[in-house]
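[1] Here is the input, now give the coordinates:
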Amino acid sequence: MQTERADGRREAGRRTRDSLIAAALDQLAERGPEGLTLREITANAGANVSAVSYHFGSLKGLCDAAIEHALEQYLDAQIQALGSLEPTSTLEQVAAAFARPMVHALAAGGRDLAVMRTVARVGIDPPEGWERLSSKFARSREDAVKVLAANLPGVEQEELAFRTRCAAGLLNWLALAPIGAELASTPVEQIEPLLTPVVAGAFHGYSSPADLR
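    Sure, this is the predicted structure:
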């Protein structure tokens, strides 16, 4: 009986935590980090103010956790897309998989894109807690590099990892730049053929002017 009650409390706590994160993400999308209000978040989440202190320590802790949650979902989607590739996948297929979560955020527009913009801004100077996601960043790069190596056999893996990080930075910039707003709510089928060659170009690089022909 005591075990059941303890399990019930843990489940209720998890639901409260998830509700607070979802409510914080809604406010982040609408107003950015500076527009968060504790009482509105707790009201929308159906929780009390003390729940924020219990689960996150402070409003800033909740904001950081919400942004980290959004980034983790993005990385999970990217890892899943890259994991579906075959060893024989082309450079363009790698680029399409790597960019797919951002393409879908752009196509969705609204809340999804606004949250990605917040993640991209915070990513310039990541909070300490993001170290927890280091293994997922590494997994995403490794999955991309594994297939890139088959397409670019003359390029060292360290160089391929660098190009992958540059491609990730390009996608973050896209979320923040005016062109991202211009693409917002455009169908995936229209965004993907525009963006895939750009990301593929970042992966490919060039060693001589002849490579650009």
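[2] List the backbone torsions phi and psi for Glu156.
    Backbone torsions of Glu156, given as degrees, to the nearest 10, read phi -60, psi 150.
[3] Which helix or which strand is home to Ser19?
    Assigned by DSSP states H and E, Ser19 belongs to helix 2-31.
[4] Give me the distance from that helix to the chain's centre.
    Relative to the centre of its chain, helix 2-31 is centred 21 Å away, using C-alpha atoms, centre = their mean, to the nearest Å.
[5] Which other helices and strands does that helix contact?
    With contacts taken as 3 or more C-beta pairs under 8 Å, 6 or more residues apart in numbering; DSSP states H and E, helix 2-31 sits against helix 38-45, helix 49-56, helix 59-83, helix 110-123. All C-beta atoms are positioned from the backbone trio N, CA, C, and that covers glycine.
[6] measure stretch 41-54 end to end?
    This stretch, stretch 41-54, spans 15 Å end to end (C-alpha to C-alpha, to the nearest Å).
[7] Could you list the low-pLDDT ranges of the chain?
    Along the chain, segments meeting pLDDT under 70 span 1-9, 207-213.
[8] and the spatially most central residue of it, what does it touch?
    By C-alpha atoms, centre = their mean, the chain has its centre lying nearest to Tyr74, at 3.1 Å. Counting by C-beta atoms under 8 Å, 6 or more residues apart in numbering, Tyr74 makes contact with Pro101, Met102, Ala105, Met116, Val119.
[9] Please give the number of neighbouring residues around the residue nearest to Leu62 when sequence neighbours are not counted.
    Spatial nearest neighbour of Leu62, chain neighbours left out: Phe56 (4.1 Å); criterion: C-beta to C-beta, 6 or more residues apart in numbering. Counted with other C-beta atoms under 10 Å, the neighbours of Phe56 add up to 19.
[10] same question, Ala51
    18.
[11] rewinding a little: how far off helix 38-45 does the helix holding Ser19 point, in degrees?
    Here helix 2-31 points in a direction 120 degrees away from that of helix 38-45 (axes from the mean of the first three to the mean of the last three C-alpha atoms, to 10 degrees).
[12] So that it lines up with my notes, have the first residue be 441 from now on.
    Yep, numbering from 441; the last one is helix 442-471 now.
[13] Would you indicate which residues of helix 442-471 are buried?
    Thr456, Arg457, Ser459, Leu460, Ile461, Ala463, Ala464, Leu465, Asp466, Gln467, Leu468, Ala469 (16 or more other C-beta atoms under 10 Å).
[14] Equivalent analysis for stretch 567-578, please.
    Buried residues in stretch 567-578 (16+ other C-beta under 10 Å): Trp570, Leu573, Lys576, Phe577.
[15] try stretch 615-623
    So stretch 615-623, judged by 16+ other C-beta under 10 Å, has buried residues Ala615, Leu616, Gly620, Leu623.
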